[in-house]
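[1] Below are the sequence and a predicted model; questions follow.
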Amino acid sequence: MTRLILPLLVLAPVMTACAPDTRMPESGYQWQQRQERIEREWRAAQSQVPAQTPTKTQAVAPAQTSTNGAPAPEDRS
C-alpha cells in the first residue's frame, strides 16, 4: 500500500505544477491586455485567410419552397 501512496505523494505536486493556469484576469488592466491579445490573434488569423469573392452561382439564393415542396405563394404565377 505504501508503494502506491509514496509515488503518488511525490508525483501529485509535480503534475499539478505543470497544469495550465486557467484563471481569468482579475484587474481591468489584465482584462484589457487579454482583449488586445485576442484581437491581435484574430486579426492575424483573418489576414491569413484569402478573401473569397462570391461567384454568380453562390450569389443567387435558392428558390423558397413550402414544407411540402411546392413553390412558395409569391413564386407562383
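    The structure has been received and is ready for your questions.

[2] I'd like to know how far Arg37 sits from Arg43.
    As defined by C-beta to C-beta, to the nearest Å, Arg37 lies at a distance of 11 Å from Arg43. To be clear about C-beta, it is placed using only N, CA and C from the backbone, and glycine gets the same treatment.

[3] my bad, Val49
    In terms of C-beta to C-beta, Val49 sits 11 Å off from Arg43.

[4] before we move on, what about Arg3?
    54 Å.

[5] Also Leu4?
    51 Å.

[6] in the chain, which spans are strands?
    Counting by DSSP state E, the chain has no strands at all.

[7] Please pull out the lowest mean pLDDT helix or strand from it.
    The helix or strand of the chain with the lowest confidence, counting by mean pLDDT, DSSP states H and E, is helix 56-59 at a mean of 56.

[8] what about the longest helix in the protein?
    helix 28-48 (DSSP state H).

[9] what's that one in contact with?
    Pro25 (C-beta atoms under 8 Å, 6 or more residues apart in numbering).

[10] what about dumping the CA coordinates of it to PDB?
    Provided in PDB are the C-alpha atoms of helix 28-48 (Å, rounded to 0.1, in the frame of the first residue of the first chain):
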ATOM      1  CA  GLY A  28      -9.000  45.900 -15.500                       C
ATOM      2  CA  TYR A  29      -5.500  46.100 -16.900                       C
ATOM      3  CA  GLN A  30      -5.300  42.300 -17.300                       C
ATOM      4  CA  TRP A  31      -8.700  42.200 -19.000                       C
ATOM      5  CA  GLN A  32      -7.600  44.900 -21.400                       C
ATOM      6  CA  GLN A  33      -4.400  43.100 -22.200                       C
ATOM      7  CA  ARG A  34      -6.300  39.800 -22.700                       C
ATOM      8  CA  GLN A  35      -8.800  41.500 -25.100                       C
ATOM      9  CA  GLU A  36      -6.000  43.100 -27.100                       C
ATOM     10  CA  ARG A  37      -4.200  39.800 -27.400                       C
ATOM     11  CA  ILE A  38      -7.400  38.100 -28.500                       C
ATOM     12  CA  GLU A  39      -8.000  40.800 -31.100                       C
ATOM     13  CA  ARG A  40      -4.400  40.600 -32.400                       C
ATOM     14  CA  GLU A  41      -4.600  36.800 -32.800                       C
ATOM     15  CA  TRP A  42      -8.000  37.200 -34.500                       C
ATOM     16  CA  ARG A  43      -6.700  39.800 -37.000                       C
ATOM     17  CA  ALA A  44      -3.600  37.700 -37.700                       C
ATOM     18  CA  ALA A  45      -5.900  34.700 -38.400                       C
ATOM     19  CA  GLN A  46      -8.100  36.800 -40.700                       C
ATOM     20  CA  SER A  47      -5.200  38.100 -42.700                       C
ATOM     21  CA  GLN A  48      -4.100  34.600 -43.400                       C
END
